[in-house]
Structure formats: structure tokens, C-alpha cells
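In: The following block contains a protein sequence and its predicted model.
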Amino acid sequence: MSEYHIEVQNLSFQYPDHYIALKNISFNIAPYEKVALVGPNGSGKSTLLQHLNGILQTNSGSISICGLPLSDKTIPQIRAWVGLVFQNPDDQLFSPRVYDDVAFAPRYMGLPESEVKERVTRALKAVDMEGYETRVSYHLSTGQKKRIAIATVLSADTRILVLDEPSAGLDPRTRRNLMNLLKNFSEQTLLISTHDMRLAADLCTRIIVLDEGEIVAIGKTKDILYNRELMEQHGLETPEC
């Protein structure tokens, strides 16, 4: 088993319209690390995230998840390990009840209903949403929906949680609650794409800066986020701004 949960080597990607979205991307993330992926709009963050569980297929380079190379044959296993939470939770919640949304992954895996129920209960407890099983996801607040979206991937016993702009659209109190929730996740590796530099500063130990499809900086949070010249050069702000 690899010492890294995520290994990306020389990854490049070009869309069918010939737009080059990623250029020779390489980085490693160790088990249980919390790492932020930051960059201006259009820098390639979402494209990169969608490669980690095979939604998009690499044009060149390689990806390994928990030591397993990503390929057509390994995608089912890797999708069980990598839980991708979209920026808009409505893209992830489609069932009539919260229970059915959270139960979707373990049911798809063919698990017996007794284990499905156990996983749903455990996942909802992890996001402080116990008692919401019979609620209609559509009627929940944005913050509640984001918690349920996280629960939908936790129910697959995911090892890696990949979040795309988790604090987007949240009021300050709900944002703080979500950040405290993510701080307590100790059994998953977290990769968080965000424009919320305060969240990145408070939650993550390392930062990857992506701009125009290339990694332009990678390092400890304090060395990256508080480098005003670097941040401004790539259209970003330091957390105190």
C-alpha cells in the first residue's frame, strides 16, 4: 500500500474543443491530511477534482488512489474510496427522502439492508443530521443540504473526501458550523477546493495554488496564504483581507 492516499503525476487534460485545462500536474497527499486547492476562476480546480474518481479521464499522466492506479478496471473501487461533494448540493440530492439519498451508495454496492441502515445512521451522525431521515431534501436549508451531501459519500465508507467550494452560499454562522464539522473529520483525507481563504487557513495544513491549469505554488499553509505578493499575482487574497 502506498504511503500516499492521492498521487498525481504529470497529469494533463484537454477538452474536446481543444481547451487545455490542466498542464503537467503533480502532487501527493498523505493519509488524513487536510489540503486546500485554491486558484482564480477558470484555473482548472473543478477539472482536477473530477479526475480523482474517474468522472473525467486523463489525456496523459497518472493518478493513484491509496496505491491503486486509476484505470477503467479500478474505477468502481476508487469511486468507493473517493467521495466527491459538488459545490451545489442539489446536484447530489435527488431522492424523495434524506434516508434514500444517503442510502444510495451502499445500496448500489449491493449491501444488505441492515448494513445500509447502519451506514446511513453512522453517516448522518457524522454530519450532525440525525433525525432527518424522513425529511425531504428539497425543503432543507443550503447548509443542511451540504451536510446531507457529505453524508451521501460518507455512507460508502469513503477514505478521501473531496469538496468543491463547501462554504459557498452559506451565511457566517452556517459556515462556521460546517468548518467545525470538517475539523473533526479525523478518519478521512480531505482535499478542499475553495475561494474561502479563512477556511483554508483554519482547516488545512497545506495549500496547492492552481492558475491557468498549472500548479504555481505548493507548501505549508502559513508559507502560501500569507505571501501577499504570491496571492495577488494569481488573483487571490490573503485571509486577513
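Out: Arrived safely. Owing to the predicted nature of the structure, the values given are computational and were not obtained by experimental measurement.
In: quick one: the strands in the chain?
Out: 6-14, 20-29, 34-38, 60-65, 68-69, 82-85, 160-164, 189-193, 206-211, 214-220 (DSSP state E).
In: Including distance to residue 117 and mean neighbour count, could those strands go into TSV?
Out: Bear in mind the C-beta positions are built from the backbone N, C-alpha and C, glycine included. Compiled in TSV, the strands of the chain are given as follows (distance: least, C-beta to C-beta, whole Å; neighbours: other C-beta atoms under 10 Å):
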stretch	distance to residue 117	mean neighbour count
strand 6-14	31	18
strand 20-29	32	18
strand 34-38	30	24
strand 60-65	28	18
strand 68-69	29	14
strand 82-85	19	23
strand 160-164	22	23
strand 189-193	26	23
strand 206-211	37	22
strand 214-220	42	16
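In: could these go into a markdown table alongside mean pLDDT?
Out: Listed next are the strands of the chain as a markdown table, based on pLDDT from 0 to 100:
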| stretch | mean pLDDT |
| --- | --- |
| strand 6-14 | 96 |
| strand 20-29 | 96 |
| strand 34-38 | 97 |
| strand 60-65 | 94 |
| strand 68-69 | 94 |
| strand 82-85 | 94 |
| strand 160-164 | 95 |
| strand 189-193 | 97 |
| strand 206-211 | 98 |
| strand 214-220 | 97 |
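In: Between these, which one is closest to residue 154.
Out: The minimum distance between residue 154 and these falls on strand 82-85, with 6.7 Å, by C-beta to C-beta.
In: Counting by contacts, list what the closest one packs against.
Out: helix 142-154, strand 160-164 (3 or more C-beta pairs under 8 Å, 6 or more residues apart in numbering; DSSP states H and E).
In: what's near enough to touch the residue nearest to residue 132 when sequence neighbours are not counted?
Out: Computed as C-beta to C-beta, 6 or more residues apart in numbering, the closest residue to residue 132 that is not its neighbour in sequence is residue 98, at 4.9 Å. Contact analysis of residue 98 by C-beta atoms under 8 Å, 6 or more residues apart in numbering lists 124, 129, 132, 133, 134, 135, 136, 137, 140, 148.
In: quick one: the second one and residue 146, what's the gap?
Out: This points to residue 129. Distance from residue 129 to residue 146, counting by C-beta to C-beta, to the nearest Å: 10 Å.
In: higher neighbour count, the two?
Out: Between residue 129 and residue 146, residue 146 has the larger neighbour count (other C-beta atoms under 10 Å), namely 29 against 19.
In: and residue 65, bridged to which residues?
Out: Counting by DSSP bridges, residue 65 is bridged to residue 6, residue 68.
In: Any chance of the helices and strands packed on strand 82-85 in CSV with distance to residue 55 as columns?
Out: Shown next, in CSV, are the helices and strands packed on strand 82-85 (distance: least, C-beta to C-beta, whole Å):
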stretch, distance to residue 55
helix 142-154, 13
strand 160-164, 11
